[in-house]
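K.L.:
Sequence and predicted structure are below.
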Amino acid sequence: MPLIALLAIPWVSSVIAALLPTSARNRAAGLAGLTALVGLVGVALHFPSVQGGGLRVERFEWIPSLGLDLVLRLDGLSWTFCVLVLGIGALVMLYARYYLSPQDPVPRFFAFLLAFMGAMLGVVLSGNLLQLAFFWELTSVFSFLLIGYWNHRKDAQRGARMALTVTGMGGLCLLAGLLVLGKAAGSYELDTVLGSAQVIKGHPLYPVALCLILLGVFTKSAQFPFHFWLPNAMAAPTPVSAYLHSATMVKLGVFLLARLWPALSGTETWFWLTGSAGLVTLLLGAWAALFQRDLKGLLAYSTISHLGLVVLLLGLNSPLAAVAAVFHIMNHAAFKASLFMAVGIIDHETGTRDLRRLSGLFRLMPITGTLALVATAAMAGVPLLNGFLSKEMFFAETVFIDAHPVVEWGLPIAATLAGMGSVAYSLRFSVKVFFGPASALNTPRVPEEPPRWMRVPVEVLVLACLVVGIAPAMSIGPILEAASWPVVGGQPPPYSLELWHGFTPPLLMSALALGGGAMLYRGSRWLEAGRVGLGGRFVERWDGARLFTSLLAWLTAASRWLRRWLLTAGLQRQLLAMVLVTLLVGVAALWGGIGKGDRPLVPLSPVFIALWVTGGAAAVGAAWQAKFHRLAALMLSGTAGAVSCVTFIWFSAPDLALTQLTVEVVTTLLILLGLRWLPAREPARGVYDAHTLRRARGRRARDFIVAVGAGGGMAILAYAVMTRELPERTSFFLENSLSGGGGRNVVNVMLVDFRGFDTFGEGVVLSLVALTVYALLRRFRPAPEVMALPPQQRALSQDLQTDLVNPRLARDTAVGYLMVPAVLVRLLLPVSGVVATFFFLRGHNAPGGGFVAGLVMSVGLLLQYLISGTEWVEQRLRLAPRALMGGGLLLVLGTASGAFVAGYPLLTSHTFHLSVPVLGELHIGSAVFFDLGVFCLVLGSTLLILVALAHQSIRAHRASGED
Amino acid sequence: MEVVLALAIGILTGSGVWLLLRPRTFQLVVGLSLLAYAVNLFIFSIGGLAIDKEPILADGVPPDLAHYTDPVPQALVLTAIVISFAMTALLLVIIMASRGMTGTDHVDGTEE
């Protein structure tokens, strides 16, 4: 099977599993198990090619310009990990089928698990450092999702968050470390990196890269001081704990250490950093495991301790120790995964994992009990089991180390102590759960043996422990050799997988560990009972989780303080800050003065001065009146708009003037429709005391100064800019408008042709706003006091019958008044149609265009609404604003992409020359269709907004009628 | 003329900023539209003021910047006008909705 297929199938299956219905428990489990099995067979067939340092590489071009390829690389070490991931994966899938309850969303679980499997394979098969970092992060993400699988549980949420924070941060450090490493080695290709060990170790950046990479490794593999996330991750479903948190994901850290061992190890820094972290973790984990009350917690700390052991072995800078590390990785995966599954069975059958409530289970579940006992014995390092062999190798390494005397003496002692710890917590697990007095059993359910197939995965793994423990050379020998080859970077040193090496110091240490462990177990019970300061409370106090939580709490408090300080809830203060900062930046940039430029000025005209005296007064008046006289303010601001409209005409911008004028009309209508829903202004709310008044006056003075500053600054800036020539002016558009765009009105040609994409975006914005307005108003709840009919509409009594008013048949808002204007306005509709057509047709060569035409048309229609009432109009006119809007968008898009058909880039315009019999020669540019699209779009969205507003009156009317 | 227009832009900006800092939602709407006038005029004026030089090509006049005003700022302002229209519409509906939900027309949705 090609490696790319191996990598791809879990992802494909994951997507399929995600699409299965929630109840498809068996199908999802079957798919997942089959995927793992197929992958397992596929990878197993590769074994001959990775023996003896063999290598298989597949390379796919990815971003050649950056020298980035997707490289898949299979050697002995990655082969071993693939087998672990897929093999234990297959067993876990089977187990999970029975573990999960039918109420859980099972397909989602398998989809996550398969995706995680894909991410794991991605890491171990990576032949490129960046690719490795990418998949590494993915494993963290899926671990987060899996820990939080029971997402309604608080502990699951907390554990998932903690795991993601710790491993995610570590992953970022790792990425930085790998970037530095790649820089030091000159390439991100794994083969190059592994081949340039001397260059890397001599590089000044080596310590930096090493520290960063180790941060990634230690967080992932739960090494001290980052170990605390692992016990908290035990909130995950047990199959996840068995798979991710004992056999595979937490092994990624040590996998990376082994992967980079040839390139990074062999220095003092490596020895002290890696070795000490491993040693502390080894001892701390073993000690903490002794005081756990939760079975999974015990296993979690034991996993931490064993991972520490592997890290320590890899830190010893000895090839033989590295081989032992690889061996222990395999052994630990086998016995720990089976133990987790056994705990899952116990939990499943009894309903609890609390050690204080479990006792004497052996009598009730003899088969599971036997399996668990064998696995715990392997964990403790009892002879004839696999754990014994790698532990023996570890002891041997600590004895024969050649270093400082303190290390030479201290290490074997520490190793023996750790061995005792491991024996003690294994005893705690087995004796307490299986052999205690049956009377102490206090569980929610009466346990019995689990379903047959739930036990099979445990049986397979325990069998593996036994086979490896009894006949190591025959069973695991070739695999260990193949896996060790790439780690030590060549032929592995000679080692013996015999059971009996004669009476050697390691054997003595093993015996001491077994005997001492039994005593330690007794002692620990006394410690626990007697509450001596070194027991459970001591462990809890030194738990990093507490530190982590307080750190998070501190960070939250700090950001809350920062938020309070920077982001006040009040909009006014935020706006003030924004204006002030803008002002400050402007002043700072122009400090030192900005004078008048040398552009020739336009001579003053008294009419223009008078115009702006009016405009300025209107603006100030609008600012003054906006609080209590909304209508006046609206009229005044409209005056300012009209004056700026005249300014556009004055200074040669007829298109702007037209657009401004029509927009002004529509905006005013819009606000008029909206004003109705704002509250009536009450003059003053009670009598204010002197303090409040003083504060209000102070606030106004401050705002006045700011406003004057902003206005003055803007005036100076505008003057300085206006008196200068624009540094980058181009007559490109003037020169090419006629020849390239086929139009004389350059501004219009720019809009529909040169800058057509911009116009397209603008059209999209307009439609989005229209839709948002429509959506917001559908759920609009007007304030109660504006629900009643306005006084104008209450002038006539309900039952008045006269020729002058419409019969009150329709429940409409505008009934019974303004009848003469209504007739006149009806006549205006065709006129506005003609005006719109006129503006539209001449737009390309003279002021006008689709936008203006659309607005003119919508004003014409809107007037009908205003004067004749919503229902009257809608009974006679079928307006479909949304269809118009969508059609316009499609037309614009179609014209724009029509150029593709002819082989030109997007929005290239084309002019067709037609000779029509009566009309003669016709030139039709494709821009006309674009403009037509703009017309429809503008008409549609404006109508949608205004009609949505107009409909509020009907709804309010109905609502009040119903009351 | 430049002085007059610059002062006009200044007055519009000042009035707009004053209204931005006021507590009522309607003041905000008017303030933003005044500010939009100011900004549009400012962008427009970047091209320089010119009388009787519309960027509409006439026969026999060479198409260069000596004979026509710069069309680029005009095209930009055209877009800006449309966007400020859309913004005003959205803002208006938002203040209506906020008024309906909070029962006040204070910009923070609460009367302190």
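P.N.:
Yes, it's here. From a predicted model like this one, the values you see are computed outputs, not experimental measurements.
K.L.:
shaky segments in chain B?
P.N.:
By pLDDT under 70, the weakly predicted segments of chain B are B:112.
K.L.:
you'd agree B:Leu19 is up against B:Gly31?
P.N.:
Yes: using C-beta atoms under 8 Å as the test, B:Leu19 is close enough to B:Gly31 to be in contact (2.8 Å). For every residue, glycine as well, the C-beta is placed using N, CA and C.
K.L.:
Could you name every residue contacting both of the two?
P.N.:
Each of A:623, A:626 lies in contact with both B:Leu19 and B:Gly31 under the rule C-beta atoms under 8 Å, 6 or more residues apart in numbering or on different chains.
K.L.:
Looking at these two, which one has more neighbours?
P.N.:
Applying other C-beta atoms under 10 Å in any protein chain shown to B:Leu19 and B:Gly31 shows that B:Leu19 carries more neighbours, namely 29 against 25.
K.L.:
Now do the contacts for the more buried one.
P.N.:
Here B:Leu19 is in contact with A:622-623, A:626, B:27-28, B:30-32, B:34 (criterion: C-beta under 8 Å, 6+ apart).
K.L.:
So which of these belong to helices?
P.N.:
A:622-623, B:27-28, B:30-32, B:34 (DSSP state H).
K.L.:
Which of the residues you listed lies at the shortest distance from A:Ile9?
P.N.:
Of all those, A:Ile9 sits closest to B:Leu32, with 56.6 Å by C-beta to C-beta.
K.L.:
Go ahead and confirm the closest one touches B:Leu20.
P.N.:
Yes: between B:Leu32 and B:Leu20 there is a contact at 7.1 Å, judged by C-beta under 8 Å.
K.L.:
So which of those two has more stuff around it?
P.N.:
Neighbour count, other C-beta under 10 Å: between B:Leu32 and B:Leu20, B:Leu20 has more, with 25 against 16.
K.L.:
re earlier: from the contacts of B:Leu19, pick the one nearest A:Leu584.
P.N.:
Closest to A:Leu584, out of all of the contacts of B:Leu19 and judged by C-beta to C-beta, is B:Gly31, at 20.4 Å.
K.L.:
quick one on the thing from earlier: between the ones in helices among the contacts of B:Leu19, which is closest to B:Ser15?
P.N.:
A:Ala623 (3.8 Å).
K.L.:
For that closest one, give me the pLDDT.
P.N.:
We have a pLDDT of 93 for A:Ala623.
K.L.:
What count of nearby residues applies to it?
P.N.:
Neighbour tally, A:Ala623, other C-beta under 10 Å: 26.
K.L.:
and the gap between A:Phe651 and A:Leu673?
P.N.:
According to C-beta to C-beta, to the nearest Å, A:Phe651 and A:Leu673 sit 33 Å apart.
K.L.:
er, A:Leu514 actually
P.N.:
A:Leu514 is 88 Å from A:Leu673, by C-beta to C-beta.
K.L.:
and if you look at A:Ile16?
P.N.:
53 Å.
K.L.:
wait, what's in contact with residue 108?
P.N.:
Since no chain was named, I'll use chain A. A:Arg108 touches A:18, A:22, A:149, counting by C-beta under 8 Å, 6+ apart.
K.L.:
The intended chain is chain B.
P.N.:
By C-beta under 8 Å, 6+ apart, B:Asp108 lies in contact with A:569-572, B:23.
K.L.:
residue ranges of the helices in chain B, please?
P.N.:
Counting by DSSP H, chain B has helices at residues B:2-20, B:25-46, B:71-102.
K.L.:
which one of those helices is the most hemmed in?
P.N.:
Mean neighbour count (mean count of other C-beta atoms under 10 Å in any protein chain shown) peaks for helix B:2-20 among the helices of chain B, with a mean of 26.
K.L.:
Between helix B:25-46 and that one, find me the angle.
P.N.:
160 degrees (axes from the mean of the first three to the mean of the last three C-alpha atoms, to 10 degrees).
K.L.:
Centre of the chain to stretch A:938-945, how far?
P.N.:
The chain centre lies 36 Å from the centre of stretch A:938-945; the measure is C-alpha atoms, centre = their mean, to the nearest Å.
K.L.:
same deal with stretch A:713-728?
P.N.:
Counting by C-alpha atoms, centre = their mean, stretch A:713-728 comes out at 44 Å from the chain centroid.
K.L.:
Now do the SS call for A:Glu725.
P.N.:
Here A:Glu725 is recorded as coil under DSSP: H, G, I helix; E, B strand; the rest coil.
K.L.:
Spatially nearest residue to it, not counting backbone neighbours?
P.N.:
Leaving aside its sequence neighbours, A:Glu725 sits nearest to A:Arg599 (C-beta to C-beta, 6 or more residues apart in numbering or on different chains; 5.5 Å).
K.L.:
Tell me who's in contact with the one you found.
P.N.:
For A:Arg599, the contact set (C-beta under 8 Å, 6+ apart) comprises A:722-725, B:48.
K.L.:
now the most centrally placed residue in chain B: how far from A:Phe929?
P.N.:
In chain B, the C-alpha closest to the average C-alpha coordinate belongs to B:Ala36, at a distance of 2.0 Å (C-alpha atoms, centre = their mean). Note on B:Ala36: its distance to A:Phe929, by C-beta to C-beta, is 31 Å.
K.L.:
before we move on, the earlier item: could you dump the contacts of B:Leu19 into TSV and include distance to A:Pro105?
P.N.:
Putting the contacts of B:Leu19 into TSV (distance: C-beta to C-beta, whole Å) gives the following:
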residue	distance to A:Pro105
A:Ala622	58
A:Ala623	58
A:Ala626	55
B:Gln27	51
B:Leu28	47
B:Val30	53
B:Gly31	51
B:Leu32	48
B:Leu34	55
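K.L.:
following the helix or strand bottoming out on mean pLDDT in chain A, which helix or strand comes up?
P.N.:
Every helix and strand of chain A was ranked by mean pLDDT, DSSP states H and E. The lowest is helix A:536-541, at a mean of 60. Under the assignment DSSP states H and E, the closest C-terminal helix or strand after helix A:536-541 is helix A:544-566.
K.L.:
Check whether that next one comes near chain B.
P.N.:
No: shown here: helix A:544-566 not in contact with chain B (C-beta under 8 Å from any C-beta of the partner chain), separated by at least 15.1 Å.
K.L.:
Alpha carbons only: can I get that helix in CSV?
P.N.:
What follows is helix A:544-566 as a C-alpha-only set of coordinates in CSV (Å, rounded to 0.1, in the frame of the first residue of the first chain):
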residue,chain,number,x,y,z
GLY,A,544,0.6,21.8,38.5
ALA,A,545,-3.1,22.0,37.8
ARG,A,546,-3.5,24.3,40.7
LEU,A,547,-0.8,26.6,39.4
PHE,A,548,-2.3,26.4,35.9
THR,A,549,-5.8,27.3,37.2
SER,A,550,-4.5,30.2,39.2
LEU,A,551,-2.4,31.4,36.2
LEU,A,552,-5.5,31.3,34.1
ALA,A,553,-7.5,33.1,36.7
TRP,A,554,-4.8,35.7,36.9
LEU,A,555,-4.7,36.1,33.2
THR,A,556,-8.5,36.4,33.1
ALA,A,557,-8.4,39.0,35.8
ALA,A,558,-5.7,40.9,34.0
SER,A,559,-7.5,40.9,30.7
ARG,A,560,-10.7,41.9,32.4
TRP,A,561,-8.9,44.8,34.0
LEU,A,562,-7.4,45.7,30.6
ARG,A,563,-10.8,45.5,29.0
ARG,A,564,-12.4,47.7,31.6
TRP,A,565,-9.6,50.2,31.1
LEU,A,566,-9.4,50.1,27.4
